[in-house]
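Chemist: Sequence and predicted model, in that order:
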Amino acid sequence: MSDDGIDDLRSGEVTASEAAAAARARMAAEFAFTGKPQPRPGRSSYASELDAKPAEQAGVDFEMTSIQSALDVRLESQTGRAGEGEWVVAAVESFVDDPVSLRPAAAARLLLDLDEPDIRDGALLAITRADAHRHVALWEDLSRRAPGARRAGPLALLEMSHWVAGDEVAAWTAIETVEAMGRRHPLADLAGDLLSSATPPMKWDAVQSALS
């Protein structure tokens with residue numbers, strides 16, 4: 001199924017876009033009824049969904065500037081760093097339990113913390129196969145709201161969340177978004193390696209153990 005219609009793999013014919021839309025609506029209803037994550041739209045449509053939101057980026061950027069100095073001081077001490085790591089995991093788990101968009105100040109703090117590999121890995125290791133779709137929602141939201149080059153962090157976590165959730169197409173789309181920024185990120189590289197090697201999401205527990 002694409003944005004233009006439904007491809008018949010036997011005949012090669014493509015149904016009308018109206019029929020494809022009706023089929024997508026039925027699928028969405030079935031997925032909602034069973035509590036499963038909604039099926040993704042076409043690849044190009046999803047890429048456009050990840051476009052930045054300039055107005056929200058500006059608000060988060062302002063909050064980053066406001067808290068940067070105090071956060072730097074906190075991260076210099078072992079106690080402060082450990083506390084920040086615990087805050088990140090708690091913030092992620094809170095969203096998973098109740099998926100409400102983070103306020104700009106909390107979003108700014110979380111995005112700044114992603115610059116610290118040891119703290120960022122806490123957010124990564126919080127992903128489970130059962131709730132990966134909720135992590136997808138969190139990192140999608142922050143990918144749009146993160147200012148400038150800081151989009152790479154949440155996009156990389158988005159890639160990993162998509163892989164754990166079993167959505168390879170969406171994961172590749174997020175990877176391509178990072179690449180289009182001219183950026184590299186270790187988690188993006190990891191996601192790319194896992195996808196290129198066709199590593200199944202059921203291997204996530206083993207990957208988690210290797211990263212812990």
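Modeler: The structure has been received and is ready for your questions.
Chemist: And the one residue sitting closest to the centre of the chain, how far from Ile175?
Modeler: By CA atoms, centre = their mean, the chain has its centre lying nearest to Leu158, at 2.0 Å. Leu158 sits 9 Å away from Ile175, going by CB to CB, to the nearest Å. For the C-beta atoms, the positions are set from N, CA and C on the backbone; glycine is no exception.
Chemist: what's the answer for Leu102, then?
Modeler: Distance from Leu102 to Ile175, by CB to CB: 24 Å.
Chemist: Tell me which other helices or strands the helix or strand harbouring the residue nearest to the centre of the chain touches.
Modeler: Following DSSP states H and E, one finds Leu158 within helix 152-165. Applying 3 or more CB pairs under 8 Å, 6 or more residues apart in numbering; DSSP states H and E, one finds that helix 152-165 contacts helix 117-125, helix 132-145, helix 168-180, helix 186-196.
Chemist: longest helix anywhere in this structure?
Modeler: helix 54-76 (DSSP state H).
Chemist: List the buried residues of that helix.
Modeler: For helix 54-76, a neighbour-count test (16 or more other CB atoms under 10 Å) marks 56-57, 59-61, 63-64, 71, 75 as buried.
Chemist: Can you add distance to Asp205 and pLDDT and give the residues you listed back as CSV?
Modeler: Below are those laid out as CSV (distance: CB to CB, whole Å; pLDDT from 0 to 100):
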residue, distance to Asp205, pLDDT
Glu56, 35, 94
Gln57, 35, 96
Gly59, 38, 96
Val60, 33, 97
Asp61, 37, 97
Glu63, 36, 97
Met64, 34, 97
Leu71, 32, 97
Leu75, 30, 96
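Chemist: Verify the contact between Glu63 and Leu112 for me.
Modeler: No - with contact defined as CB atoms under 8 Å, Glu63 and Leu112 do not form a contacting pair (9.3 Å).
Chemist: can you list the weak-confidence ranges in the chain?
Modeler: Within the chain, the segments meeting pLDDT under 70 span 1-44.
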